[in-house]
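Chemist: Fold the following and give me the result.
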Amino acid sequence: MGINTIERVSGTAINDPKVYIETIIDIHKKFLKLVQESFNGEQGFTAALDKACGKFINNNVVTQSAGSTTKSPELLARYCDALLRKGSKAVEETDLEEKFNQIMIVFNYIEDKDVYQKFYSKMLAKRLVGQLSASDDYEESMISKLK
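Modeler: Now for the predicted structure:
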């Protein structure tokens, strides 16, 4: 189910961080709901879901097409950049905080966190130097979640 979903969007997702990350978030939500409703959130099933999500996020058709396991951290950093940049579609503050929380779910499964940090830091510097950041408060909120 999750593999088929990511395969359907892989042509677009390899270069579109929004499609890739939001697809992963939707897949995670679907399976988390399944575990919670069907197995009452039993710890063993939750741990199995976490393990499967980690493998899936770090090795799927998009990462294989790119020929690199660093594609997921790169796309996640680019997704953050798009959300935090001036001129991005108006997102309510509560919606943005929810998106930050969803980003953290994906981030926790990323194996190459140092690769994410490298991309994120570079994009943050460009936003700050070019005064392209939508809000210093949003930047601080995202950074505090990453700590």
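Chemist: Going by C-alpha atoms from here, please, whenever you check contacts or count neighbours.
Modeler: Noted.
Chemist: How far off centre is the lengthiest helix in the chain?
Modeler: Determined from DSSP state H, the single longest helix within the chain is helix 17-39. Offset of helix 17-39 from its chain centre (Cα atoms, centre = their mean, to the nearest Å): 12 Å.
Chemist: Output the next helix or strand after it as CSV, nothing but the C-alphas.
Modeler: Once helix 17-39 ends, the next helix or strand along the chain (criterion: DSSP states H and E) is helix 43-58. Provided in CSV are the C-alpha atoms of helix 43-58 (Å, rounded to 0.1, in the frame of the first residue of the first chain):
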residue,chain,number,x,y,z
GLN,A,43,3.9,-1.3,21.9
GLY,A,44,5.2,-4.2,19.8
PHE,A,45,3.1,-3.1,16.8
THR,A,46,4.1,0.5,17.2
ALA,A,47,7.8,-0.5,17.3
ALA,A,48,7.3,-2.6,14.2
LEU,A,49,5.7,0.4,12.4
ASP,A,50,8.6,2.6,13.5
LYS,A,51,11.1,0.1,12.1
ALA,A,52,9.2,-0.3,8.8
CYS,A,53,8.8,3.5,8.4
GLY,A,54,12.6,4.0,9.0
LYS,A,55,13.4,1.5,6.3
PHE,A,56,10.7,2.8,3.9
ILE,A,57,11.7,6.5,4.2
ASN,A,58,15.4,5.8,3.8
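Chemist: tell me what helix 43-58 is packed against?
Modeler: helix 17-39, helix 93-109 (3 or more Cα pairs under 8 Å, 6 or more residues apart in numbering; DSSP states H and E).
Chemist: Show me the one of those that comes nearest Thr63.
Modeler: helix 17-39 (10.7 Å; Cα to Cα).
Chemist: buried ones in the closest one?
Modeler: Across helix 17-39, burial judged by 16 or more other Cα atoms under 10 Å covers 17-25, 27-28, 31-32, 35.
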